[in-house]
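> my questions concern the predicted model and sequence given below.
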Amino acid sequence: MNIVVLGAGRVGFNVAKELSLSDNDVSIIDISKTALAQVSERLDAKPVFGHASDISVLKEAGIENADIVVAATAVDEINMTVCQIADFMFNVPTKIARIGKKSYFDGYNLFANERFPIDFVVSPALEVTKMVRRIISVPGTIDVISCIDGRLRIIGVICKKGSPITDIQLKYIQNVDTKSILAILIIKRADQWIIPNKNDIVHPGDEIYFACSAANIREAMALFDYSIDNTSNVVFIGGNEICEEVITNITSNDISIKIIENDLTRAEKLSDTLNNVEILHGDPLDSETLATSGIRDAEVVIAVTNDDKINILSSLLSKKLGAKRVATILNDSSYADILYSLGINSILDSRMATVSRILQYIHEESVENILSFDDARIEILAFNVSEGSYAVGTLTDDITIKNEAYIPAIVRNDQLFMMPKHFLLNAGDQVLFVTRKSATDKILKIFREKPKYLL
């Protein structure tokens, strides 16, 4: 495919990087020569200098033959304008735009019912809101992601000392038969991510992501010594729109919520609009304010202010005061690795979430980008096996690459198979994959459609 990406910031750069790893011709436009120099050095993509909405620049980037335009600049209006140009002047089949301002979605949604020529709109704020909802949806979790049409859950937890799953080889937990309730996907231990094998053992303190069916969440969490029946106490640091949106859409009565808001006017507004929520007016960097909010008893503390420094410092202070789990939103995740080492459990990166959603849309016919661990160069993906795919008739054992890629779960019709062995893939199967990014392209090729002359 021919793809034109607008903007070489973190979103545009990472979209271009992932797309250029496959058999795509990618061009990327930016007004920053420094950013384009990084493109030249690190990507197999054509850098084009100039304004993204300049028609001559768009032509230089190859928009006349483009299959997809990804408008990922930091300016919503430029992204919208370029999609209009791509549709009206060049008849580009697929237009994708990053739109940051919430006002464009309020009231009359500009992008609903084909009012604007954009095929897919992704909102960084909305993606972060989804991430926060997932964190508080199941008590004790780092993250909860629904995938494969809602049939499977990917859950992140910290393994507790004395939990039933510790000190047992994985082959005795997840390889006994197809009725196993979970499959462990990836383990972080001593700041190192590993793709586990059947002889590995779970240790207390390990950060673990596992897969299970929606029906087996209770039993799976119990293996790590977590109960989902307990009331979850959540403290939000910052009462911005993300916080308000999340709380407004919570339907469970088993979540007790407190908000620390430094702005008195905003705190008063939240008190008027949010029911059954305790609003505390105070400085989130003040130890006494945090202690008053019950940080020590909170299931999770989530820092959602619009200031990265406040989010980082308040999260670290919360951890020092005894918070069990801390999640923080970062617009610039350059320090993410350091924060993980200091005890922050979850980094909510709106830009990388935006990248994942864009890539998921581009590959939506066959590939679902579920989770990406950039520091480990590992991805969790789901594939739909189409009738003309190379994967049809292939054994799962033949697709597995030792220490690189493996299949932890397959959904066939309404039946879930955990850790399938000697399993012959059929058209219609939905396959969960854990893979190192170095092997992703090999896996993608297996699940691609065969050329028509081979069918």
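Structure received. Everything quoted here is computed from the prediction, not taken from an experiment.
> contact partners of stretch 384-403?
195, 197, 365-367, 383, 405-407, 410, 420-431, 435-436, 439, 442-443, 445-450, 455 (C-beta atoms under 8 Å, 6 or more residues apart in numbering). For the C-beta atoms, the positions are set from N, CA and C on the backbone; glycine is no exception.
> how far away is the closest residue to residue 226 other than its chain neighbours from residue 444?
Spatial nearest neighbour of residue 226, chain neighbours left out: residue 140 (3.6 Å); criterion: C-beta to C-beta, 6 or more residues apart in numbering. To residue 444, residue 140 is 34 Å away according to C-beta to C-beta, to the nearest Å.
> for ChimeraX, write the selection for the buried entries among the contacts of stretch 384-403.
A single ChimeraX command selects the buried members of the contacts of stretch 384-403 (16 or more other C-beta atoms under 10 Å):
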select :195,366,367,383,405,406,407,410,420,423,425,429,430,431,435,436,439,443,446,447,448
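> now, the contacts of stretch 384-403 that are in strands?
Under the assignment DSSP state E, the contacts of stretch 384-403 contribute 367, 383, 405, 406, 407, 410, 430, 431, 435, 436 to strands.
> shaky segments in the stretch 251-400 of the chain?
251-253, 333-337, 364-366, 374-376 (pLDDT under 70).
> dump the residue contacts of the closest residue to residue 304 other than its chain neighbours.
Nearest non-adjacent residue to residue 304, counting by C-beta to C-beta, 6+ apart: residue 238, 4.6 Å away. For residue 238, the contacting residues are 259, 260, 261, 262, 284, 303, 304, 305, 306, 310, 311, by C-beta under 8 Å, 6+ apart.
> ditto for residue 216
181, 182.
> can we start the residue count at 28 from this point?
In the new count, where the first residue is 28, that last one comes out as residue 243.
> looks to me like it is in a helix.
Yes: per DSSP: H, G, I helix; E, B strand; the rest coil, residue 243 lies within a helix segment.
> and it, how far is that from residue 179?
For residue 243, the distance to residue 179 - C-beta to C-beta - is 10 Å.
> cool, residue 350 as well?
Following C-beta to C-beta, the distance that separates residue 350 from residue 179 is 30 Å.
> ok, now residue 442?
Distance from residue 442 to residue 179, by C-beta to C-beta: 12 Å.
> let me have the ones in strands among the contacts of stretch 411-430 in a markdown table, extended by distance to residue 229.
A markdown table is the format used below for the ones in strands among the contacts of stretch 411-430 (distance: C-beta to C-beta, whole Å):
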| residue | distance to residue 229 |
| --- | --- |
| 394 | 29 |
| 410 | 27 |
| 432 | 21 |
| 433 | 17 |
| 434 | 20 |
| 437 | 23 |
| 457 | 27 |
| 458 | 24 |
| 462 | 21 |
| 463 | 21 |
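> so among those, where is pLDDT lowest?
Least confident by pLDDT among these: that is residue 394, with 75.
> any idea how this protein splits into domains?
29-149, 165-250, 259-379, 385-481 (automatic domain parsing).
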